[in-house]
Structure formats: C-alpha cells, structure tokens
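**Q** When you get a sec, could you give me coordinates for this:
(4 chains)
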Protein chains: 2
Amino acid sequence: MDTTQLFRGTLQTVVLRLLAERGRMYGYELTQHVRDRTDGALTISEGALYPLLHKLVAAGLLDVETARVNGRQRKYYHVTAEGRAAAAEQVRAFEAFVETMRAVLAPLPPNPSAA
Amino acid sequence: MDTTQLFRGTLQTVVLRLLAERGRMYGYELTQHVRDRTDGALTISEGALYPLLHKLVAAGLLDVETARVNGRQRKYYHVTAEGRAAAAEQVRAFEAFVETMRAVLAPLPPNPSAA
DNA sequence: TGCTTATGCATCAGAATTCGATGTATACTC
DNA sequence: GAGTATACATCGAATTCTGATGCATAAGCA
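**A** Numbering: from 1, shown residues only, chains lettered A, B, ... in the order given. As a prediction, this is how the structure comes out:
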C-alpha cells in the first residue's frame, strides 16, 4: 500500500539522466539533489544508491574520479558515451511506459465526442 | 537494461484500477485485456498475477466468486468498497509519481522564454 | 484417434531491487 | 565534547517479479 512503491525500477533511470545532464556528481550530492528537487517526494537511500553506482561503473556506463574536498572523500561519477546513450534510451522508455500505463489506467477516456 | 523494469510496482495499481472500472474480471481475462490494450507492451505474468490477487483478497480489497463456464473454472474478482478507494488513491499516486519523475528527469526544460 | 493450441487455475525456486540498520571517518558548530 | 552535516560503504531481510512447471478442460486439426 506504499505509494513510493512506484519508484521501484526508476533509480537507474534517474541516476543516469542526472549525470548525463549535469556532467558529474557524487553520491551524496545525488541524494540531496533529488530530495530537494522533489520536495522530499523522492529520497534515494544510500543502501540503494551505492551498490547501483558500483554496478553502473562495472557495466561501463559510468566512470569514477576520486577526489578529496575539505578533507572529505568524494567520488565523482560521470557518464561514458555508452552511459549517455543508455540515459537517453531510458528516458524514452520512461515516456513509453507512462503512455502504456495511461492506456491501461484510463481505458475509457471521458470524451465521447469522438463518436 | 530491461525497459520493462519500469513496470515494477505498478501491477497492483493496474489490477485494482481495471477491476474498479470494469466491474468484475477473472485472472486470465486480466492478462489478455492488458496485453491486447497495450499491444503487447505490458504483459502480466501468471506468476505475478495470481499471488497478487490472493494477497488483495486477503487484504480485503477484492472479493472472489467462483464460477464454472464451458466446463472450465473461473474466479471472478471484484473490488470491495475499500478496494475502490485504494484504486482511486493509487491512480492519484501514479499521477503524482509521474510528475515527480518529470521534475527529476527534466530539470532544465527547453523553455527559456519564462525569463 | 492423437496432437496441438487455447483457456484457466496455481505454485515455486531463483533473481533483482530496495529498505533500514549499521559502521567508519572528517569537519563544523555550539 | 557533543551533536549535526557530510561522505563513503556493507549487509540481512523484505518485496516483487520472472520463468519454469504443473494440472485440467475444451476446441481445432490432421
């Protein structure tokens, strides 16, 4: 009954898209950015994010660059060419997904004027 | 990289919504209806559907009615009052979800005329 | 008659993803 | 020196779904 259930499966799309658009970001920054931008509607948990970032690097979609800022460690991630293509593809897939869902959820649109 | 990954977490919404709108349906009918309506973009597997239907009945959102049609068994499902409310709520949640996702996926809309 | 397909239910092992808790470490503020 | 923010990470458990398998009846076709 958890409405946030719908966000399952979207994390990869979100991460790739943000990195493709914003150049480079580090993990913590991703969580803060998404939380702020959505007014808290979407919060990325660290337990989901870090394993995913590692997986995307292993898959060749992201590159990492370790840095040290203000004494703290940071790992900047940026998309590879392959990652950029995947990001675009996944955004398209998301739009198609929304269209498909609308087709199912609204089988009888309230517009009988088409008769 | 599977685009159908996005449909994760939407099955409950789809089932409740269809039943709320169409009165009553049986499992096999649900799979066929969704497949036809989406031109195959969304196919509900039996391994996902039947356990969910049982769960929704246990949760009081659906009722079952067993029938025998043309010698074959059928189990018609229909929403309870609680299930109808849940269906409406989940459709709202889906719309909110889409808005949230758009906010994240398109942080910089290509419309500078608002300046 | 026998084979295949369609209809209709169901379970189950494994995969994939995520949650929530926990852990480590540095910097800043009070 | 205590708490909060920053920043990384892992891990067990829960949830959900896939794909395979199984049972049974009816219809179509060779």
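**Q** Any idea how many residues pack against A:Ala106?
**A** Neighbourhood size, A:Ala106 [other CB atoms under 10 Å in any protein chain shown]: 12. All C-beta atoms are positioned from the backbone trio N, CA, C, and that covers glycine.
**Q** Likewise for A:Thr80?
**A** Neighbour count for A:Thr80, taken as other CB under 10 Å: 15.
**Q** Mind telling me what element the residue minimising distance to the centre of chain A is part of?
**A** By CA atoms, centre = their mean, chain A has its centre lying nearest to A:Val14, at 0.8 Å. Assessed by DSSP states H and E, A:Val14 sits inside helix A:11-22.
**Q** Indicate whether that helix makes contact with DNA strand D.
**A** No - Helix A:11-22 lies out of reach of DNA strand D by CB under 7 Å from any atom of the strand, never closer than 12.4 Å.
**Q** what's in contact with the helix or strand that that helix is followed by?
**A** Per DSSP H and E, the first helix or strand lying C-terminal to helix A:11-22 is strand A:25-26. Under the contact criterion CB atoms under 8 Å, 6 or more residues apart in numbering or on different chains, strand A:25-26 has outside partners A:18-19, A:33, A:74-77.
**Q** For the residues you listed, which single residue is the most surrounded?
**A** When neighbours are taken as other CB under 10 Å, the top entry among the contacts of strand A:25-26 is A:Leu19 (24 neighbours).
**Q** is it true that that residue touches A:Leu62?
**A** Yes - counting by CB atoms under 8 Å, A:Leu19 touches A:Leu62, with 6.8 Å between them.
**Q** the strands in chain A, which residues?
**A** Assigned by DSSP state E, chain A shows strands spanning A:25-26, A:62-69, A:72-79.
**Q** just those: most buried one?
**A** Mean neighbour count (mean count of other CB atoms under 10 Å in any protein chain shown) peaks for strand A:25-26 among the strands of chain A, with a mean of 19.
**Q** Could you list the paired strands of that one along with their orientation?
**A** strand A:72-79 (antiparallel) (DSSP bridges).
**Q** tell me the average confidence for the partner strand?
**A** Mean pLDDT, computed over strand A:72-79, is 96.
**Q** from the chain's centre, how far out does that strand sit?
**A** Relative to the mean C-alpha coordinate of its chain, strand A:72-79 is positioned 17 Å out (CA atoms, centre = their mean, to the nearest Å).
**Q** Direction-wise, compare that strand with helix A:11-22 and give the angle.
**A** For strand A:72-79 against helix A:11-22, the angle by axes from the mean of the first three to the mean of the last three CA atoms, to 10 degrees is 90 degrees.
**Q** Spell out which parts of chain A neighbour chain B.
**A** Applying CB under 8 Å from any CB of the partner chain, we find that chain A lies next to chain B at A:1, A:3, A:5-10, A:12-14, A:17-18, A:21-22, A:34, A:37-38, A:41-42, A:86, A:89-91, A:93-94, A:96-98, A:100-101, A:103-105, A:107-108.
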